[in-house]
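# here you go, sequence then predicted model.
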Protein chains: 2
Amino acid sequence: MRSDEKPGRKAASSPGEDAPFRLDPIGLVHSPFTSQAGVPVQPALAEPEDAGTIEIYEQFAAGLDDIDRFERIWVISWFHRAGPVRLRVTPYLDRQQRGLFATRAPSRPNPIGISPVRLLRREGRILYVADLDLLDGTPVLDLKPYAPTFDVFPVSRQGWLEDRTPHSGRADDRFAPDR
Amino acid sequence: MRSDEKPGRKAASSPGEDAPFRLDPIGLVHSPFTSQAGVPVQPALAEPEDAGTIEIYEQFAAGLDDIDRFERIWVISWFHRAGPVRLRVTPYLDRQQRGLFATRAPSRPNPIGISPVRLLRREGRILYVADLDLLDGTPVLDLKPYAPTFDVFPVSRQGWLEDRTPHSGRADDRFAPDR
């Protein structure tokens, strides 16, 4: 696609070069959280009891080999219960409106989440995880290993989060569908 | 969706609860890389000249406010030139086959990339970035701030990457469409 072409009109198979793209889940989150309010804002702000499982569908199970040698994994998920898209939001940990892309709020044009959860153990195609910040029933799109080699950077500026060192944080219902 | 239901048969609007889900890009990567061979394997392994721009389409530009106060951002992208899905792969930095989900290889069921690139500056809806590991023309699905508060974890195990401390790394064509 060149920059002078418009995004996405044609139907397409996945993967492919033509938008819109199509996603089929590879699995499903089982968690204690049935509504947004009370869910940890991020895995980094979770408590020990915020644990659950990730069920990977049978046809993708072969891709799980070697994953249990990683202590943490990225769960790429679909925010299936996110409300309408908003390009300006007040994030959970802030009191001021911010541009959506400067936040991790779920009300995104493509509501994709990246959650670095702790992998406790694997039993076949079931992954037991902690530091979980996802609703029960969240569709899982992908899993990737969390690796300091790839994912840890020294950063001197982190925008509106700069003066905040939250040690915990729970969502409310501000991004629920009926708000 | 309950765990006893099959994934994805119905058509659905986005965002929504029913798979398959539909993605429309919010923008486009402009980079020096026109084919897989030679692209940095990860942003962490890039050289200073691996830079480019991310063009966000006009209708999403309002979501960019406040983003330039972050030094690094996650570019969530669609690997539009990835080859067929493979559940076992030999990753670029390894010599052994691994389960796909224990790697960051592009040949994924949902070919979504997460690239923590360095944000140099913003000019309107154009972001100038370095540490870029994406092909020219890569569709951008989402942007999120990189925040040590959320993204940096102490990790004692990182699987097959454990004995490796690569300081650079370039792709070859093993995951190209015609391989």
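Structure's in. What do you need? Residues are numbered from 1 along each chain as shown, chains lettered A, B, ... in the order given.
# what's the spacing between the spatially most central residue of chain A and chain B?
In chain A, the centroid-proximal residue (Cα atoms, centre = their mean) is residue A:113; its distance is 2.3 Å. In this view, residue A:113 and chain B are 9 Å apart by Cβ to the nearest Cβ, to the nearest Å. (Glycine included, C-beta is placed from N, CA and C.)
# for residue A:32, same thing?
Per Cβ to the nearest Cβ, residue A:32 is found 15 Å from chain B.
# ok, that residue - contacts?
Neighbouring residues of residue A:32 by Cβ atoms under 8 Å, 6 or more residues apart in numbering or on different chains: A:49, A:50, A:51, A:52, A:136.
# now the nearest residue to the first one once chain neighbours are set aside: which helix or strand?
Of all residues not flanking residue A:49 in the chain, residue A:32 sits nearest, at 7.7 Å (Cβ to Cβ, 6 or more residues apart in numbering or on different chains). Following DSSP states H and E, there is no helix or strand that holds residue A:32.
# what pLDDT does residue A:32 get?
On pLDDT, residue A:32 comes in at 95.
# quick revisit: what's the PyMOL line that selects buried ones from the contacts of residue A:32?
In PyMOL syntax, the buried subset of the contacts of residue A:32 is picked out as below (16 or more other Cβ atoms under 10 Å in any protein chain shown):
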select buried, chain A and resi 50+51+52+136
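# a markdown table for the contacts of residue A:32, including pLDDT and secondary structure?
Formatted as a markdown table, those follow (pLDDT from 0 to 100; DSSP: H, G, I helix; E, B strand; the rest coil):
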| residue | pLDDT | secondary structure |
| --- | --- | --- |
| A:49 | 90 | coil |
| A:50 | 94 | coil |
| A:51 | 96 | coil |
| A:52 | 97 | strand |
| A:136 | 97 | coil |
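# just want the angle from the lengthiest strand in chain A to strand B:112-123.
If each strand of chain A is counted by residues according to DSSP state E, the longest one is strand A:112-123. Put simply, strand A:112-123 runs at 150 degrees to strand B:112-123, going by axes from the mean of the first three to the mean of the last three Cα atoms, to 10 degrees.
# by contact count, what packs against the helix or strand just after strand A:112-123?
Toward the C-terminal end, the helix or strand that comes next after strand A:112-123 (DSSP H and E) is strand A:126-130. Judged by 3 or more Cβ pairs under 8 Å, 6 or more residues apart in numbering or on different chains; DSSP states H and E, the packing partners of strand A:126-130 are strand A:52-56, strand A:72-78, strand A:112-123.
# is stretch A:81-96 up against chain B anywhere?
Yes: counting by Cβ under 8 Å from any Cβ of the partner chain, chain B has neighbours in stretch A:81-96: A:81, A:82, A:85, A:87, A:88.
# in JSON lines: those residues, plus pLDDT, neighbour count and secondary structure.
Output for the residues of stretch A:81-96 next to chain B, formatted as JSON lines (pLDDT from 0 to 100; neighbours: other Cβ atoms under 10 Å in any protein chain shown; DSSP: H, G, I helix; E, B strand; the rest coil):
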{"residue": "A:81", "pLDDT": "93", "neighbour count": "20", "secondary structure": "coil"}
{"residue": "A:82", "pLDDT": "91", "neighbour count": "21", "secondary structure": "coil"}
{"residue": "A:85", "pLDDT": "95", "neighbour count": "16", "secondary structure": "coil"}
{"residue": "A:87", "pLDDT": "97", "neighbour count": "17", "secondary structure": "coil"}
{"residue": "A:88", "pLDDT": "97", "neighbour count": "16", "secondary structure": "strand"}
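# and of these, the nearest to residue A:58?
Nearest to residue A:58 among these: residue A:81, at 25.4 Å, using Cβ to Cβ.
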